[in-house]
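[1] just the structure for this:
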Amino acid sequence: MSATAFQRMRREIAKRKIEIEQEVEGKPLDEMDLEELKAYAFEKGIEIGNSNTIKGILKKIQEAEMEE
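    Here you go, the predicted model:
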């Protein structure tokens, strides 16, 4: 991969992350898709471990928020 292609990919990922974060604000957890749940967990500092399904990530988020 060239340096130009790498930089383009990095910018696209950063842009998508910002878009997801904007979509997440104010949206109920049960209406979020996988990427939105991951962004929400990251934003809140919630460790999702090896969870890679909506159900698994949602469970981790709910457990973390119950502990607060």
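[2] can you map out the helices along the protein?
    In order along the chain, the chain carries the following helices (DSSP state H): 3-24, 34-44, 54-67.
[3] of those helices, flag the one that's most buried.
    helix 34-44 (a mean of 17; mean count of other Cβ atoms under 10 Å). Glycine gets a C-beta too; all of them are placed from N, C-alpha and C.
[4] that one vs helix 54-67, what angle?
    An angle of 20 degrees separates the directions of helix 34-44 and helix 54-67 when computed by axes from the mean of the first three to the mean of the last three Cα atoms, to 10 degrees.
[5] any chance of JSON lines for the helices of the chain, columns mean pLDDT?
    Formatted as JSON lines, the helices of the chain follow (pLDDT from 0 to 100):
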{"stretch": "helix 3-24", "mean pLDDT": "78"}
{"stretch": "helix 34-44", "mean pLDDT": "87"}
{"stretch": "helix 54-67", "mean pLDDT": "89"}
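[6] for S51, which non-adjacent residue is closest in space?
    Counting by Cβ to Cβ, 6 or more residues apart in numbering, S51 lies nearest to I57, which is 4.8 Å off, once chain neighbours are set aside.
[7] contacts only, for the one you found.
    L34, L37, K38, A41, I48, S51 (Cβ atoms under 8 Å, 6 or more residues apart in numbering).
[8] measure the spatially closest residue to the third one that is not a sequence neighbour to A39 for me?
    Of all residues not flanking K38 in the chain, I57 sits nearest, at 6.5 Å (Cβ to Cβ, 6+ apart). Between I57 and A39 the distance is 10 Å, computed by Cβ to Cβ, to the nearest Å.
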